[in-house]
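Undergrad: got a predicted structure here, sequence first:
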Amino acid sequence: MEETTNSIASSSYPTKKTKIKLLAIHLFLFLSLHVSHVQAQKTLSSSPPSAIELEGCDGVFLSYALVARQKEYPHVKNASKQAWAFKAEATLTNVGDEELQGWKMFVGFQHHEILVSADGAILIDAGDFPADVDNGTTLVGSAVSDLKTAIETAGDLNQMSAKIDIVGTQFGLGPGATPMPKTIHLENDGFKCPTPTRRASRMFACCRKDPTVKAKLAKKTKYPPRRYGDLTIAYDVLQAFQNNYYVQVTMENKHPLGRLDHWNLTWEWPKGEFIYSIKGAYARRKDPSECLYGTAGKFYGDMDFSQVATCQKKPIISDLPAERKEDEKVGKLPWCCRNGTVLPPLMDKNKAKSMFQMQVFKMPPDTDNRTSITPPMRWNIDGVINPYYKCGAPVRVDPEVFPDPSGLSAISTAVASWQIVCNITKPKPQQNRCCVSFSAFYNESAIPCNTCACGCDDTRKCNSRASPLLLPPDALLVPFANRTLKAKAWAKMKHLHMPSRLPCADNCPVSINWHVSSDHKDGWTARITLFNWEDYSFEDWFTAIQLTKTYDDFKDVYSFNGTRIPGIKTIFLEGLKGLNYLAGEINGTHAKDPRVPGKQQSVLSFSKKHVKHFDVTKDAFPAKVFFNGLECSLPPIRPGKSSGHKPSIRIIALILTAFMTLFLI
């Protein structure tokens, strides 16, 4: 019995050796977990610029440090597609003798980075977060926009420097890599930055004043200067109260090919704000439930939300029709009520702007101070068939100046102003809204628009990846659904390949045919035809043709107004007075006839003064074609010269026969 008890005791309570062994196992497991955690999250040291680095700089010292990097889900085998979360820190320190106002720092990201946040800065050339910055981005200060000198601050680094905490995602490279930007530099005028020095996970550069650059006599501003963009939006606060403010929103088109029709403007309120009233425009949805059942309903308990313009967090704002322009309640504003049309300044400078005003109610904590105003974020604007715009984040600028409403020679300023810059982007494949077909006098076939150029919804009965079929030129006049018989007959006649599964349609509401009409010793001509396959008309339409090689040889256009745009080597074409409508598609004469598109046509003439060795098969076709500012899809090939314009085998055989006959005689 005693032996049994001792054996049980020895098995229940570990000996000293067993305790040491268990401790070793626990320590091993702990270290293993710690090592795996370090492998999962590579944390790197981040430190401010050292005194030695700053000692050798007499300008603005820039630095970028990779702080941490961690593998993200999903985990994939392809290293180039593996996502990594990263944290980085960028700093600017002014160690020169002049104050740097409105600093602008460029970070040349190169690993498909997507920024999630950048505390202490605003991205001025990218959209709101998350922002794709694969080609680099420019940062400007949000909290600290000016960097003072050590002389005027007694060496206070808080006033001399700015820090940006960056969080984002990057792709590619293995766990042991240290992905860094290509470069960092200062974009302020008058500064010259060397190639940055890299040390492990840090890179830095000292940007100095360039003595060869003459300083521009720019107006001294408290905030970053206003920037140029294809479309700029001004958010100017006119009046500010404790819990609400009046703001004026002005959109201005500055691009020669920029345009909007039936524009829709959207944004996101960051702190629960809502639009109480609006003038010069209207909100698409008025539903007050988002206010009633949200924080606004609790804070503004006695407010009648049925009278609120919109309670949406992401409202859609549209322009008023022209008949409401003189309406005392919602109209009576300059540049409003044009049914959402904003024209290029080249067509009409007065119609290149659009404006509306709103009364916005704030939410806590902004209600504690009448000057606490947070502008909307995530701005976006689009139209019917217009360029695609990408808008950046709002940047605080100096208050806008307006003529005094009293009519006296005085000025009034806004309470606060922000600027949003939107730039035109090229449509992605199969996301166009217009397309181009090519034809020429020297080839019997026309090259139609690309398959699914404007997208394909249903591809069960057609091939979305097949090349379009060559067509007889007259087939371009009928809708795609009525071209099949013509295409099959043409393929049989010309001995062309006919696939068993036919290509899908282009599905474009607008198509443009560019036809090279003639080629002679002193010049050449082309005919352009616009087709509108939509039910509605286009008022004040325009098209633009970019000819990189033959632009200087453009002579005249005979049925349109033609204007040169030298900077982009483009010919701007618009309808003459009374012909500025591109009509919509209508029914044919008889019930069985195909529908007839709206059409406009003209001929352009060119000389050959500036082009050596002119080749009609290459030089007579445009590099880009635009309709109402939107870049159209071009066919990948140009018409080649057919055998009919080369000595045929039969003719060569006859010549050889005649020659041999003469030789034998």
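TA: That came through, no problem.
Undergrad: low-confidence ranges in the stretch 501-650 of the chain?
TA: Within the stretch 501-650 of the chain, the ranges that satisfy pLDDT under 70 run 642-650.
Undergrad: just say helix, strand or coil for the residue sitting nearest the centre point of the chain.
TA: Taking C-alpha atoms, centre = their mean as the criterion, K390 is the residue nearest the geometric centre of the chain, at 3.2 Å. The three-state label given to K390 by DSSP: H, G, I helix; E, B strand; the rest coil is strand.
Undergrad: repeat that for the one 3 residues further on.
TA: When the structure is split into helix, strand and coil by three-state DSSP, A393 lands in coil.
Undergrad: I'd assumed A121 was in contact with it.
TA: No - A393 is beyond contact range of A121, at 10.0 Å (criterion: C-beta atoms under 8 Å). For every residue, glycine as well, the C-beta is placed using N, CA and C.
Undergrad: mind exporting stretch 541-551 as PDB, just the C-alpha atoms?
TA: Provided in PDB are the C-alpha atoms of stretch 541-551 (Å, rounded to 0.1, in the frame of the first residue of the first chain):
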ATOM      1  CA  TRP A 541     -21.800  68.800 -79.300                       C
ATOM      2  CA  PHE A 542     -18.200  68.900 -80.200                       C
ATOM      3  CA  THR A 543     -15.500  66.400 -81.400                       C
ATOM      4  CA  ALA A 544     -11.800  66.800 -81.400                       C
ATOM      5  CA  ILE A 545      -9.100  65.000 -83.600                       C
ATOM      6  CA  GLN A 546      -5.600  64.700 -82.400                       C
ATOM      7  CA  LEU A 547      -3.100  64.400 -85.300                       C
ATOM      8  CA  THR A 548       0.400  64.400 -83.900                       C
ATOM      9  CA  LYS A 549       2.200  64.300 -87.300                       C
ATOM     10  CA  THR A 550      -0.100  66.200 -89.700                       C
ATOM     11  CA  TYR A 551      -1.600  68.800 -87.300                       C
END
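Undergrad: distance from the chain centre to it, please.
TA: Distance of stretch 541-551 from the chain centroid (C-alpha atoms, centre = their mean, to the nearest Å) equals 22 Å.
Undergrad: and G258, how many neighbours does it have?
TA: 25 (other C-beta atoms under 10 Å).
Undergrad: surely it touches E631?
TA: No - counting by C-beta under 8 Å, G258 stays clear of E631, with 11.8 Å between them.
Undergrad: so what sits against both of those two?
TA: Counting by C-beta atoms under 8 Å, 6 or more residues apart in numbering, the shared contacts of G258 and E631 are P387.
Undergrad: contact partners for T525?
TA: Counted by C-beta under 8 Å, 6+ apart, T525 has contacts 516-518, 603-606.
Undergrad: in a strand, it, correct?
TA: Yes - assignment of T525 by three-state DSSP places it within a strand.
Undergrad: what's the neighbour count on the spatially closest residue to N243 that is not a sequence neighbour?
TA: Excluding the flanking residues, the one nearest N243 by C-beta to C-beta, 6 or more residues apart in numbering is T367, at 4.7 Å. Neighbourhood size, T367 [other C-beta under 10 Å]: 16.
Undergrad: and what of the one 3 residues further on?
TA: Burial of R370 is recorded as 16 neighbouring residues (other C-beta under 10 Å).
Undergrad: so how far is R202 from E55?
TA: 17 Å (C-beta to C-beta, to the nearest Å).
Undergrad: now stretch 528-536, how far from the centre of its chain.
TA: With C-alpha atoms, centre = their mean, you get 26 Å for stretch 528-536.
Undergrad: for the protein, which spans come out with low pLDDT?
TA: 1-48, 214-221, 642-665.
Undergrad: how is it divided into domains?
TA: Split into domains by the TED database, the chain comes to 51-209, 231-424, 434-632.
Undergrad: JSON lines please, covering those domains and showing distance to R638.
TA: Formatted as JSON lines, those follow (distance: least, C-beta to C-beta, whole Å):
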{"stretch": "domain 51-209", "distance to R638": "31"}
{"stretch": "domain 231-424", "distance to R638": "23"}
{"stretch": "domain 434-632", "distance to R638": "5"}
